[in-house]
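> return a 3D structure for these sequence lines:
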Amino acid sequence: GLTTKIHALVDARGRPIRLKLTAGQAHDGRSAADMFATLAPGQVLLADRAYDSDALHDEMAARGVIANIRLMPTR
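Sure thing, here's the model as predicted:
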């Protein structure tokens, strides 16, 4: 059946900064991309492989954010 995903952006101590609900079938990277606007240069984005994309890596690098995202096995 249909499900729901919870995307959470948290600080280094696990405290929530932003939360977002999306449809379970929605692409994680595209659905949560607007959540990363609060990241500043020098910060680290630690994300699940579902967020792995060239576009996200490029955007984070251009903004000076270190993207630590496990690569998808098909890449």
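> for residue 67, what are its contacts?
With contact taken as C-beta atoms under 8 Å, 6 or more residues apart in numbering, residue 67 is in contact with 44, 45, 47, 56, 57, 60, 61. Every residue, glycine included, has its C-beta placed from N, CA and C.
> excluding chain neighbours, what is closest to the first one?
Computed as C-beta to C-beta, 6 or more residues apart in numbering, the closest residue to residue 44 that is not its neighbour in sequence is residue 66, at 4.6 Å.
> quick check: the one you found vs residue 3, distance?
31 Å (C-beta to C-beta, to the nearest Å).
> those two: which is more packed in?
The neighbour comparison of residue 66 against residue 3 (other C-beta atoms under 10 Å) goes to residue 66, with 13 against 8.
> and the more buried one, how far is that from residue 43?
7 Å.
> same check on residue 2?
34 Å.
> over to residue 17?
11 Å.
> please apply the same query to residue 21.
24 Å.
> cool, and residue 20?
19 Å.
> for the chain, which segments count as strands?
For the chain, the strands defined by DSSP state E occupy 4-10, 16-23, 44-47, 66-69.
> so which of these is nearest residue 34?
In terms of C-beta to C-beta, the element of those nearest to residue 34 is strand 16-23, at 7.9 Å.
> tell me what the closest one is packed against?
Packing contacts for strand 16-23, counted by 3 or more C-beta pairs under 8 Å, 6 or more residues apart in numbering; DSSP states H and E, involve strand 4-10, helix 28-32.
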